[in-house]
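Colleague: Next input, structure requested:
(one chain, ligands or ions: 1)
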Amino acid sequence: MGKRIGFIGLGIMGKPMAINLLKAGYPLTVWNRTRSKMDELIAMGAYGASSPKEVAARSDVVITMVADSPDVEEVILGPDGVIYGAKPGLIVIDMSTISPIVTRRISEELAKKGVRMLDAPVSGGEKGAREATLSIMVGGPRDAFEECFPIFESLGKKITYMGPSGMGQIAKLCNQVICALNIQAVCEGLMLGAKAGLDLKKLLESVSAGAASSWMLINLGPKMIERDFKPGFKIRHQQKDLRLALELAAELNLPLPGTALVHQLLRIVEAEGLGEEGTQAAIVAMEKISGRKLSEGRP
Ligand code: NAP
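Modeller: Numbering: from 1, shown residues only. The predicted model follows:
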């Protein structure tokens, strides 16, 4: 029989990932802080636990997909956390994007109880989570990685072992630096076109077929033009990731000028009250500093 999996955190990413594990046939226990988000999974056959501790007690592998470092600490080490339901041999896979330093600390705490931990953050957005096409960057003990490989295969299509604990998170921060600057590039290119009077839809079509094409341009460009800010990836989470990348760079004494600039520009978006919107709302910072809207959005 396949491993019994526990899943904690059924947000934009966690819910479709948990559904994919159910579809792959794994016996699944779920827990979410806001209990109503468990309903759909329970209706599909998952068991709804009353705490992260109970999730651990019922599982061979526990996956966490929450928000930031303190949240992962809370569900794993906090009162009623995973660690209190864990038996030796349990594997914890944290797929949230959090600090590599906090990851190592949690991993050391779990190791004292005979629990191995993998950090396995993902890239590919809500679409990648739904379609099980995520890129998964994994750090932690190699034997645990190999044992969990089939689980990763149910969630993603590119699975890469990056090295010891924390290295998955570091790879993800590099990914986020590239994504953030890419979004800013899309904002600037589109705004230049708008100000110069180009038809933005034609512009998008044309540049998407050339060397400027990217995931951000194809997926977020049309949403910027339509002013559809519904979140795939929230500005608030993007800011968390850029903060983590800048902290890592500071430790390494490495300048990341572009990342620092985008982090500041997104503060403008947050100050407009748009932190819960998707990263395509980055266009609002461009609009504020250029004194015009990109477009009128949907008619
Ligand atoms: P989300 O929709 O905001 O969901 C966050 C989830 O974490 C919710 O289930 C929330 O519970 C739970 N949570 C937060 N703090 C918690 C706490 N202290 N205790 C218990 N549960 C807590 O976020 P998301 O977009 O799914 O992102 C999840 C993680 O994946 C983040 O680390 C993000 O950076 C990363 N990520 C996201 C994307 C993306 O495109 N969305 C892509 C790659 C990676 P409630 O329901 O109770 O609020």
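Colleague: hey, let's count contacts and neighbours off CA atoms from now on
Modeller: Will do.
Colleague: Enumerate the residues of the stretch 51-200 of the chain near the ligand.
Modeller: Residues of the stretch 51-200 of the chain found near the ligand (Cα under 6 Å from any ligand atom) are 65-68, 71, 74-75, 96-97, 122-123, 125-126.
Colleague: Can you show me the helices along the stretch 1-150 of the chain?
Modeller: With DSSP state H, counting those that start in this stretch, the ranges of helices along the stretch 1-150 of the chain come out as 14-23, 39-43, 52-57, 69-77, 100-111, 125-131, 142-153.
Colleague: With mean neighbour count and mean pLDDT added, can I get the ones you listed in CSV?
Modeller: Conversion of the helices of the stretch 1-150 of the chain to CSV gives the following (neighbours: other Cα atoms under 10 Å; pLDDT from 0 to 100):
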stretch, mean neighbour count, mean pLDDT
helix 14-23, 21, 98
helix 39-43, 14, 98
helix 52-57, 25, 98
helix 69-77, 19, 98
helix 100-111, 18, 98
helix 125-131, 19, 97
helix 142-153, 16, 98
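Colleague: out of these, nearest to G210?
Modeller: Proximity to G210 (Cα to Cα) singles out helix 125-131 among these, at 22.8 Å.
Colleague: Check which helices and strands the closest one sits against.
Modeller: Counting contacts by 3 or more Cα pairs under 8 Å, 6 or more residues apart in numbering; DSSP states H and E, helix 125-131 is packed against helix 14-23.
Colleague: Indicate whether the helix it packs on makes contact with the ligand.
Modeller: Yes: for helix 14-23, a contact with the ligand is found by Cα under 6 Å from any ligand atom, at G14.
Colleague: Just the CA atoms of that helix, as PDB, please.
Modeller: Extracted in PDB, the C-alpha atoms of helix 14-23 (Å, rounded to 0.1, in the frame of the first residue of the first chain):
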ATOM      1  CA  GLY A  14      -2.300  23.400  -1.100                       C
ATOM      2  CA  LYS A  15      -5.800  22.500  -2.100                       C
ATOM      3  CA  PRO A  16      -5.100  21.500  -5.700                       C
ATOM      4  CA  MET A  17      -1.900  19.700  -4.600                       C
ATOM      5  CA  ALA A  18      -3.900  17.700  -2.000                       C
ATOM      6  CA  ILE A  19      -6.500  16.800  -4.700                       C
ATOM      7  CA  ASN A  20      -3.700  15.500  -6.900                       C
ATOM      8  CA  LEU A  21      -2.500  13.200  -4.100                       C
ATOM      9  CA  LEU A  22      -6.000  11.900  -3.600                       C
ATOM     10  CA  LYS A  23      -6.400  11.300  -7.400                       C
END
